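**Student:** pasted the sequence and its predicted model underneath.
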Amino acid sequence: MSKRNEIIILFIILFIAGILLAVSLSLMPNLTPTSENQTLNSEVVKEIVKNTPIKKDSKTDSNVAVKQQISFGEKILIKEKKSSQKQKGVRAMAAGNFEEAANHFQKALDRYKNEPETRIYLNNARIGQERHYTIALSVPISSDPNGALEMMRGVAQAQYKINNSQEKINGIPLKVLLADDRENPEIAQKIAIEFTKNKDILGVVGHYASDTTLAAGEIYDKEKLVAISPVSTSVKLSDFSDYVFRTVPSDSIAAKALADYMLDEMGQKKVAVFFNAKSGYSRSLKSEFSISVFAKGGDIVAEFNFSKSGFDAYKKVNEANEKGAQVLMLAASVSTIDEALQVVSVNRKKLPLLGGDDVYTPKTLTIHPQFSEGMIIAIPWHIDRVMEPDFSSLSKKLWRTSRVSWRTILAYDATKSLIAAIEINPTRDGIKEELSNPDFSITGASGKIEFFPWGDRKSKVQLVRLVKSNNFSSGYDFVPID
């Protein structure tokens with residue numbers, strides 16, 4: 001055979017082999033992760049988060065994305081607040097040019113005075129490389145920006161106050177690491193892992209939703225890092241962990257206050273309850289309210305799920321009336337506040353309204369508030385009950401208003417609690433021991449802060465009524481019921 005023919009035959013053999021290889025590969029299972037074949041249920045994800053170590057250098061690891069939601073000031077987490085000065089500040093912060101960063105953050109605050117993310121970054125930049133203590137704050141920036149901002153203002157104000165005092169924390173200032181957990185339990189667990197791995201972090205303020213706090217709390221309990229939630233109210237958090245505390249009363253206290261008011265003050269016994277079955281907070285409030293109503297001889301005539309597909313406020317309000325409801329109870333969560341306000345509009349003030357603390361929002365004061373007038377809401381605290389002498393004046397200086405929400409106040413008090421414990425024993429174990437001590441007691445903006453052995457705060461709730469007022473442009477406001 002000629003050499004030329006041998007070469008031709010070799011090329012043919014190689015060509016055929018290539019075709020066979022391509023065919024065999026096409027028949028193999030697809031190993032590339034996709035949104036379809038890599039979907040995991042929440043329990044599987046939870047186990048992976050708990051048992052899989054973080055791969056620090058893997059660009060394909062989902063934890064890389066989580067790290068992008070955590071910042072001392074080198075990243076902007078509130079995307080709609082990207083002023084040019086703030087952008088310059090984060091770039092300088094990332095480069096370690098703290099004085100330059102502080103100058104840019106200050107200029108950004110001069111324009112947007114009530115922006116707490118910038119305030120926290122400015123507080124951090126002013127510390128620079130000076131010795132400091134560190135706490136972390138996790139809020140739902142992406143899913144509930146208003147609630148996140150309210151919590152951030154409380155932490156930022158407490159940080160500003162302690163860092164600008166002569167004493168600081170035994171002479172040492174406080175840095176705050178900020179995270180966006182998106183109100184997602186799986187993401188919250190991954191963020192909690194990041195927090196626990198950073199040994200400089202002595203405590204956490206957070207999280208927001210009860211489901212998120214419960215998920216992250218599993219990590220804090222395992223790794224022995226204290227977290228204090230200013231907002232999570234589910235009864236499931238009571239005695240959940242030795243390392244999870246809260247400055248907000250549990251749903252059992254709020255539910256009993258609403259039930260007592262309905263039965264004793266309003267003289268009504270039959271109530272229809274609207275709730276969100278997908279929210280741990282909402283289910284908890286509904287359950288505790290029902291227990292309190294039944295205990296005093298009342299009757300839950302109907303329950304309606306906001307999150308059920310095709311929820312029709314008009315039909316459900318009519319059904320509540322047909323079943324003899326004398327009162328409507330709105331145990332709405334943040335994600336179903338729009339559905340709750342649809343119920344309010346359909347009701348047209350025909351039946352008295354009760355509400356849980358998630359109904360205490362600017363939306364309630366601005367979307368058809370004339371139909372919400374008279375509504376009774378149970379909240380942990382009201383600005384008219386402030387106990388710290390200079391709290392309101394400092395709020396006005398930092399946020400251009402002294403009328404901050406209960407979420408701001410209780411985040412402030414959660415931060416003050418951590419500061420008080422750090423001052424005595426600046427270790428993770430020491431902080432847990434101090435907060436668990438029966439003799440632990442400080443005065444916060446909302447009053448005395450003491451904790452039960454199971455982590456709940458010793459406190460009451462405040463009932464407020466929605467009334468006409470000149471305090472806001474809508475012409476309505478929430479005022480305390482004495």
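**Tutor:** Nice, thanks for sending it over. Nothing here was measured: the structure is a model prediction, and the numbers come from that model. Numbers count the residues shown, from 1 in each chain.
**Student:** CA atoms for contacts and neighbours, from now on please.
**Tutor:** OK.
**Student:** ok, Pro249 touching Phe452?
**Tutor:** No - here Pro249 lies out of contact with Phe452, judged by C-alpha atoms under 8 Å, at a distance of 11.1 Å.
**Student:** common neighbours of these two, please.
**Tutor:** Common neighbours of Pro249 and Phe452, using C-alpha atoms under 8 Å, 6 or more residues apart in numbering, are Lys458.
**Student:** and the two? Which one has more around it.
**Tutor:** Pro249 (23 against 16; other C-alpha atoms under 10 Å).
**Student:** name all residues that make contact with that one.
**Tutor:** 233, 380, 456-461.
**Student:** pull out the buried members of the residues you listed.
**Tutor:** 233, 380, 456-457, 459, 461 (16 or more other C-alpha atoms under 10 Å).
**Student:** and those residues as TSV, adding secondary structure and pLDDT?
**Tutor:** Listed next are these as TSV, based on DSSP: H, G, I helix; E, B strand; the rest coil; pLDDT from 0 to 100:
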residue	secondary structure	pLDDT
Thr233	coil	94
Pro380	coil	92
Asp456	coil	96
Arg457	strand	95
Ser459	coil	88
Val461	coil	93
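**Student:** what segments of the stretch 201-350 of the chain are helices?
**Tutor:** 210-223, 251-260, 280-295, 313-322, 337-347 (DSSP state H, counting those that start in this stretch).
**Student:** one step back: from the buried ones among the contacts of Pro249, pick the one nearest Gly475.
**Tutor:** Gly475 lies nearest to Pro380 out of the buried ones among the contacts of Pro249, by C-alpha to C-alpha, at 23.4 Å.
**Student:** helices of the stretch 351-482 of the chain, residue ranges please.
**Tutor:** Using DSSP H, counting those that start in this stretch, helices in the stretch 351-482 of the chain cover 362-366, 369-372, 391-399, 406-424, 428-436.
**Student:** pipe those helices into JSON lines and attach distance to Lys168 and mean neighbour count per row.
**Tutor:** Shown next, in JSON lines, are the helices of the stretch 351-482 of the chain (distance: least, C-alpha to C-alpha, whole Å; neighbours: other C-alpha atoms under 10 Å):
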{"stretch": "helix 362-366", "distance to Lys168": "35", "mean neighbour count": "18"}
{"stretch": "helix 369-372", "distance to Lys168": "44", "mean neighbour count": "22"}
{"stretch": "helix 391-399", "distance to Lys168": "17", "mean neighbour count": "17"}
{"stretch": "helix 406-424", "distance to Lys168": "9", "mean neighbour count": "24"}
{"stretch": "helix 428-436", "distance to Lys168": "17", "mean neighbour count": "20"}
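**Student:** and of these, who's closest to Met329?
**Tutor:** helix 369-372 (12.3 Å).
**Student:** gap between the spatially most central residue of the chain and Leu463?
**Tutor:** The geometric centre of the chain, computed from its C-alpha atoms, lies nearest to Tyr208 (C-alpha atoms, centre = their mean), at 2.0 Å. Using C-alpha to C-alpha, to the nearest Å, one obtains 21 Å as the distance from Tyr208 to Leu463.
**Student:** and for Arg119?
**Tutor:** Relative to Leu463, and taking C-alpha to C-alpha, Arg119 is found at 32 Å.
**Student:** between the two, which has more neighbouring residues?
**Tutor:** Between Arg119 and Leu463, counted using other C-alpha under 10 Å, the more crowded position is Arg119 (28 against 24).
**Student:** was I right about that one contacting Leu109?
**Tutor:** Yes - counting by C-alpha under 8 Å, Arg119 touches Leu109, with 7.2 Å between them.
**Student:** Gly447 contacts Ile383, correct?
**Tutor:** No - with contact defined as C-alpha under 8 Å, Gly447 does not reach Ile383; the gap is 11.6 Å.
**Student:** ok, now which ones touch Leu466?
**Tutor:** Counting by C-alpha under 8 Å, 6+ apart, Leu466 touches 372-376, 476-479.
**Student:** so where is the stretch 51-200 of the chain shaky, pLDDT-wise?
**Tutor:** 51-64, 81 (pLDDT under 70).
**Student:** many thanks, I have nothing further to ask.
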